[in-house]
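Participant: okay, structure incoming, though there's no sequence with it:
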């Protein structure tokens, strides 16, 4: 019976392998109401994974944004979800994909925040993001 239960769990455990690296938050002056979050997300699995929501302690909301050039001007598009294909990595970086973070109070370099990332299957991953200059 235990063996059967383990076999049923293996597919969901295999899909639980997102890797989060280099997670940090760009500090800005207190007068600026938003912060930008950067990280690298790698999906070593054989199936794609969707990020459907991001929340964090100390932030009233966190949105996924992508900076794009349109008609000769830079624009930020909010994404409702983000898919990381099988075997792919996505880099959140200045001028591209990033987290738009709305802090409840000003941030300071060296502070760390717990950020929850909700996946399309309903599971939640929690990472630490540190504020940097």
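Facilitator: Great, that's in hand. This one's a predicted model, so the numbers in the text were calculated from it and none came from an experiment. Numbers count the residues shown, from 1 in each chain.
Participant: alpha carbons only for contacts and neighbour counts from here, please
Facilitator: Noted.
Participant: where does this protein dip in pLDDT?
Facilitator: Across the chain, the ranges flagged by pLDDT under 70 are 1-16.
Participant: so where do the strands sit in it?
Facilitator: Assigned strands in the chain, in chain order: 19-26, 35-42, 49-56, 59-70, 73-79, 82-84, 89-92, 97-103, 112-119, 124-132 (criterion: DSSP state E).
Participant: show me what the fifth one is packed up against.
Facilitator: So the one you mean is strand 73-79. Of the remaining helices and strands, those touching strand 73-79 by 3 or more C-alpha pairs under 8 Å, 6 or more residues apart in numbering; DSSP states H and E are strand 59-70.
Participant: show residues contacting stretch 85-103.
Facilitator: Contact partners of stretch 85-103, identified using C-alpha atoms under 8 Å, 6 or more residues apart in numbering, comprise 33-49, 58-68, 84.
Participant: how about the strands of the chain in CSV, adding mean neighbour count?
Facilitator: Output for the strands of the chain, formatted as CSV (neighbours: other C-alpha atoms under 10 Å):
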stretch, mean neighbour count
strand 19-26, 17
strand 35-42, 20
strand 49-56, 19
strand 59-70, 16
strand 73-79, 13
strand 82-84, 17
strand 89-92, 17
strand 97-103, 21
strand 112-119, 18
strand 124-132, 17
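Participant: for the closest residue to residue 53 other than its chain neighbours, which residues are in contact?
Facilitator: Of all residues beyond its chain neighbours, the one nearest residue 53 is residue 118 (5.0 Å), with distances taken as C-alpha to C-alpha, 6 or more residues apart in numbering. For residue 118, the residues meeting the contact criterion (C-alpha under 8 Å, 6+ apart) are 51-54, 124-125.
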